[in-house]
Every structure is written in C-alpha cells, then in structure tokens.
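1. how does the following fold in three dimensions:
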Amino acid sequence: MTASAQAPRLAPAPSERLRSALELLSSMRFAIALLTVICIASVIGTIVKQHEPAVNYVNQFGPFWSQLFLSLKLNAVYSAWWFLLILAFLVVSTSLCIARNAPRFIADMRNYKENIREQSLQAFHHRGQGALPDAPAQAARRIGQALAGAGWKVRLQQRATPKGEGWMVAAKAGAANKIGYIAAHSAIVMVCLGGLLDGDLIVRAQMWLGDKAPYTGGGMIADVPDRHRLASTNPTFRGNLLVSEGTQSGTAILSQSDGILLQELPFSIELKKFVIEHYSTGMPKLFASDIVIHDRQTGQAVPARVEVNHPVSWRGIEIYQSSFDDGGSRVKLAAVPMDGSGKRFEVEGVIGGSTQLTRAAGQGGDDKLTLEYTALRVINVENMAEGSGSGSGADPRRVDLRDSITARLGAADKTVTKKDLRNVGPSITYKLRDAAGQAREFHNYMLPVDLGEGVPLFLLGMRENPSDAFRYLRVPADAEGSMEGFLRLRAGLADPALREEAVRRYARNATDPARPEVARQLVASASQALALFAGDAAAGGKGAGLAAVSEYLEARVPEAERSRAGEVVVRILGGVLFELAELGRERAGLKPLEPGERTQAFMAQALLALGDVHLYPAPMTFELKDFQQVQASVFQVTRSPGRNVVYLGCALLIAGIFAMLYIRERRLWVWLAPSGSGSEASMALSSSRKTLETDREFDRLRTQLLGSP
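-> Numbers count the residues shown, from 1 in each chain. Got it, this is the predicted structure:
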C-alpha cells in the first residue's frame, strides 16, 4: 500500500497580487478599454439631451426607458459618478504606463549602443561592406565628423581584435521620436486631469464630504438656505446668470441632475443694455451686453461689453454671452371673442406673470381661466419664399408655419427652394389654463402676414403639448387691416335671421325675376347649405364647416355626382357669405365692399377660416396691442483652473503626434577592422519605420561613407 501527497497550492503573496494589479492598470489593453467606454459615453451624451427636465425624457422615451436613463445618469453623462471614475482610472492607468516606460525610453535615448557585436550587423535589413584606404582610427574620425556634420550624434569606441585595434562608429538621429510617445501619453493625462478639474468632481466632492445639497424647491433666490449655496472661493464651477436690463445679480445657478446649486460670485453684474444688431433681412448679426462689474471686495465698478465669442474676465472668472431672454416686458392684450358677439376687454401683464379671467360657461355658471404670459418676440424672421407654405387653407389641424419652414432647412447642397427671409413683426405667446390645471399654448402675431394669398392673414397658433409644433388658423384681414370683417361675418353666420336675409339677397341677384320657381329652389338649397356650414343642428348635419357639408353630400348624393355637387355648393356658400358680409357692413355703418381681386381673396380665405374656426379650442383670442420690451441677458460664468492644463495637454498632444509621425528614429553603426594598410568596413542602419526614404538615406550614406554604391 502506497500513499501519495500533493503539495497544497499556496495563495499568491500580497506583493504578487499588487504587482499583477499594477501590471493590469498600466497595460495598453486596459487603457484602450477605458477609452472605448469613454467614447461610447460621449456618443450617448451627444445624442441624448443633457440636463433636461425629467418630464421631457418621459415624453420622449416613455416611463420605463426614461427611468432607466435617469438611474444610469445618462441625462448628465459628463458629471455622472461612473464617468468621472472612468476618467480617474484612465489617468491612473496612463500615469503608470508613463512611469513604467518613460525611464526605459529616456535610457534608450541616451544609449548609443556602441557595444553591438560585429556579427550582429549582418542581421540588419540595411547593411553594407567596403574597403577603405585609411587606417581604422583615421577612418573612424573621418566618418564621425561626416555624420556629426549631417546632424547625427556620434560616439567612437576602440576595440582590440586579433588583427589589431578596430573602431566602432555608433551614431543616432531622431531621438525625439521617443519623446513623442511620452508627450502623447502625458497629454492624455493632462487633458483628463483638466476635465476632472473643470467638471463637477469638486462640486460633487463638496456635496459628498460637506453639507451641501441641491435645491429642488422654488421661490426667490434670496430665500434659498445656505446649505444650497457654494462659497465664492469655490475653485471650479460653470453656471448661468440671468440679468435684466437695469438690474444686477451676483448669484449664478449650477444645474444638477437632481436640482440646482447657487454659486456666489465675488462680484455682481449690472446689465445696462442688451444690444441686438440685425441684417437687412431681419436676421441677427450681433448679440452684446453692456455691463458694469461691481467688485464686492474693492467696491470698484468696471464697465465692459460682453459679446458672443468675446468674453470678459474678472478675478479669474470668465463671463460669456450665452443667450438672451425676456426680462419682464409689459404687454397689453385685447381679448377678441371668436364668435364675434361677445364683450371685448383689455388686459395688461408682465411676461412670466399671469391674470385671472372669468368667462360665461352657458348653463354651468362661471368657468375660471388663467392667462399666463409666456413670451414676447419683437422680431420674427420667417422664410416667405414661394413654396415654403403648407398649402392648406386655414385648418388649425394641418396649417403649421414652423414645419413648412424647417422642412426645408439643412445643408446648402440640399436646398430645393429659394429663401426669402422677412421680418413679420412682433408676436405674443401665452397659455390659457383652466380650473383643472390643463393648459393650451397660443402664439399670435401682432400684424397680419402676407403669405401670397392675395390678402394679409392674421396667424393664430395653438398647440396642446410643448413638444408639438404650433398649428395656425389663418384669419383674413379686412380692408381696414383688422379682424373685424371676419368677426362680423362669424356673428352673422350664427344669426338665423341674418342668414335668411343673405340667402334671399343672393337668390334675388343670382336668378331671373321672371322665373320665381328657380329662385325658390335656390333659396332652399342655399339655406340648407348655409345652415350645415354654420353648424345648425336642425339642418341634419354633424359638426360645422366644410366637413359637415361634405358628410351631408356623401350621405345623399351619388358618388359620380359628388364632385360637381361640391363645386356648386362651395360657389353658393361663397355668394351667400358675400351677401352676409355686406349686411354686416350695412349694420356697422360702413360702405359696401369694393369689387376686385382683394375682395375675392378675402372672401375665399374667410370661407376657409369660417370652416375651421369651430376647431379653435378657446372662446377668445388675445391680440397684441402694445408692449414695452425689457431685455435680459443670460451669462455663463466659469472658473476653469483646468483650462490651462488642457491647453498644455493639447500642445503636448500635437507635439507628440508630430514627433511620432514625422520624426524617424535611426541608428547607424560602422565597424572598422584593420586590413593591411587600410581597413575593412561593415555598416548597418536601423529605423523605427521602413519607408522609401530610409532606403534612399542608407544608399546615400553608404556611398558617402564607404565609397561603394
């Protein structure tokens, strides 16, 4: 009976584990893996909008994916903990790689490798031999001087051989190629360090290690507690500062994924005037802010101008012109009832504020509405070229001015239509919020816009969701340039007695008095068509407008005759509406409409607008009557200590890549052995890259030094 024993496997020593970890961290494959992850994260950060409200991600990606993205911090990739951790590991990995390889590179740069053996020269690709008339010592000095004159660094070594004293000439050139490797790797470290310094790492460290926390509430900036404020000595930050004309502020806002932080500045910025200069087309060509910097420490007031791409620096903080906003403009709006018969009134407010309204809700009593003043745009530049419109009449479900313009934006080589940029005047954006908190957003232009329809049009835009584009109802302007003509027509359409009178006038003017039976038939057809168009339930239609007329015809007219019947009905509606408009002008004490192309265009657009006005989701629209604009500038204030580090890293990266690509490291050896009164020479050349230039250089050196082709 025999027994065998197996030696137990010993656990690796701590020093071996540490050495293995350092070997992994400093390896090229680990650094490449980190760079790959950083590149993928950067792509995600470019595609997915950063630092948006959480509801925007829910609307775009849905509840499941938005929650996943928020948990992974994909809405703030560049400040996410895992992204900063990867950057830190990349810095450590590259630093260890430099620490391990840089001494060897430097030693190799200093070494001439003159101890190479004679037999080893025969293993090089570029090698040659020759006989020289000079003794080895004299030939070595001559060759060394020739190489030194050509920019090579040379070292001579004397050796003893069985035949006598031999000489080795060792030369090198292009040693800066090794410096390129060190500079390129050092650049990666410096750029990553600069990114860490200028990122959110220090701010997050104050939240992790200190008592700072993001603020998620609302209210005035002055009421925010100190635990949500960062000191003015904060070494690095990047925030936004909004200042209205005539006011000053010294507290910037730092957006975080879970709230905001307030950054106190060592100075305050007073905005004297925000300046916008425009081209003749209305497009802006200059954004600038005339400011005064009030230093809190010295009390000094320094005037300056901040322009796009021309920041102002004060106490190590850069002030950039980021954007502009409304600073609390005052507007006067006129409420225009869409049925043309309600009571009109005017309201005044400030952009960003709101006004409580009360409207009659029929049998239900009062229904409260809140008018919220959203935005005032004094200049609106639109593309009014032919073909840029949507081609629809006035249906607010389909007419979209912005879509018709943006559909043709893009690269210059893809432009298929001419552009006619034109300033169409001021516009007001507001919201109407009901008692349940539901809001619709509206966008109305102050002046009628000429869209090439033969008559200027008032554009009344609306949308249900902020992510949707505005859809526009086109209301034609009357001869006086207002909406009164259309509103009188709308009120007359709702009056059965006035409709009946308009039908009788139309029938009297359109038929022969000698044929009363034709007049009676026309009166019946016109009354039915007009009642359907007006939405009269007694007419047997569903809804109102041209859609109700179309449904009625589809139900009672054979398919083969519908096209002709539709043309006849539209012609009758146009004629009756013209008489209805004339009746409205008579009641208002105005002169009759003048026959002509403009009147025809007005009636055509009025027909389309009346067909779709019942789809307008509000009982009234608000017309911009007057405004007093107050501008505000949005400044980006940054303290970037890592900026110079990044600049230095970029310079090193350029120098390193240049050295690695355009500088070839070469080494040359010439062994001179005694042979009679002369010497036998063996020559070899090595290069970091095999190129045609290396071949030509070796042929030239062989001819110059050995005298043999």
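
2. let me see the ranges of the strands in the stretch 301-450 of the chain.
-> Here the stretch 301-450 of the chain has its strands, by DSSP state E, counting those that start in this stretch, at 301-307, 312-314, 317-326, 330-337, 345-350, 354-360, 366-377, 381-383, 421-423, 427-433, 439-445.

3. for the third one, buried residues please.
-> Taking 16 or more other Cβ atoms under 10 Å as the neighbour-count basis, strand 317-326 is seen to contain the buried residues 317-322, 324-326. Just so you know, the C-beta spots here come from the backbone N, C-alpha and C atoms, and that holds for glycine as well.

4. on that earlier part again, for the strands of the stretch 301-450 of the chain, give me TSV that also has distance to Gln248.
-> Shown next, in TSV, are the strands of the stretch 301-450 of the chain (distance: least, Cβ to Cβ, whole Å):
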stretch	distance to Gln248
strand 301-307	10
strand 312-314	14
strand 317-326	13
strand 330-337	21
strand 345-350	19
strand 354-360	26
strand 366-377	23
strand 381-383	31
strand 421-423	32
strand 427-433	28
strand 439-445	32
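
5. which of those sits closest to Leu607?
-> strand 330-337 (19.9 Å; Cβ to Cβ).

6. other SSEs contacting that closest one?
-> Helices and strands touching strand 330-337, by 3 or more Cβ pairs under 8 Å, 6 or more residues apart in numbering; DSSP states H and E, are strand 345-350, strand 366-377, strand 427-433, strand 620-628.

7. ranking those by mean pLDDT, which is last?
-> The minimum mean pLDDT among those belongs to strand 366-377 (a mean of 85).

8. which one of the buried residues of strand 317-326 is nearest Leu421?
-> When these are compared for distance to Leu421 (Cβ to Cβ), Phe324 wins out at 19.9 Å.

9. separation between that closest one and Trp167?
-> 77 Å (Cβ to Cβ, to the nearest Å).

10. ok now do the residue nearest to Asp211 when sequence neighbours are not counted, which residues does it touch?
-> In this structure, Asp211 finds its nearest non-sequential neighbour in Arg227, 5.5 Å apart by Cβ to Cβ, 6 or more residues apart in numbering. By Cβ atoms under 8 Å, 6 or more residues apart in numbering, Arg227 lies in contact with 211-213.

11. show me the longest strand that occurs in this protein.
-> strand 259-278 (DSSP state E).

12. tell me the helices and strands packed up against the helix or strand following that strand.
-> Per DSSP states H and E, the first helix or strand lying C-terminal to strand 259-278 is strand 284-295. Counting contacts by 3+ Cβ pairs under 8 Å, 6+ apart, strand 284-295 is packed against strand 248-256, strand 259-278, strand 301-307, strand 312-314, strand 317-326, strand 631-639.

13. tell me the strands beside the shortest one, with direction?
-> Paired strands of strand 312-314, with direction, are strand 317-326 (antiparallel) (DSSP bridges).

14. quick one, the strand it pairs with and strand 345-350 angle?
-> Here strand 317-326 points in a direction 180 degrees away from that of strand 345-350 (axes from the mean of the first three to the mean of the last three Cα atoms, to 10 degrees).

15. what sits up against strand 317-326?
-> Contacts for strand 317-326 (Cβ under 8 Å, 6+ apart): 240, 242, 265-267, 269, 274, 276, 287-289, 291, 293, 304, 306-308, 310-313, 351-352, 375-376, 629-640.

16. how about stretch 285-300?
-> Contact with stretch 285-300 is made by 243, 248, 250, 266-279, 301-308, 312, 314-315, 319, 321, 324, 633, 635, as judged by Cβ under 8 Å, 6+ apart.

17. much appreciated, bye for now.
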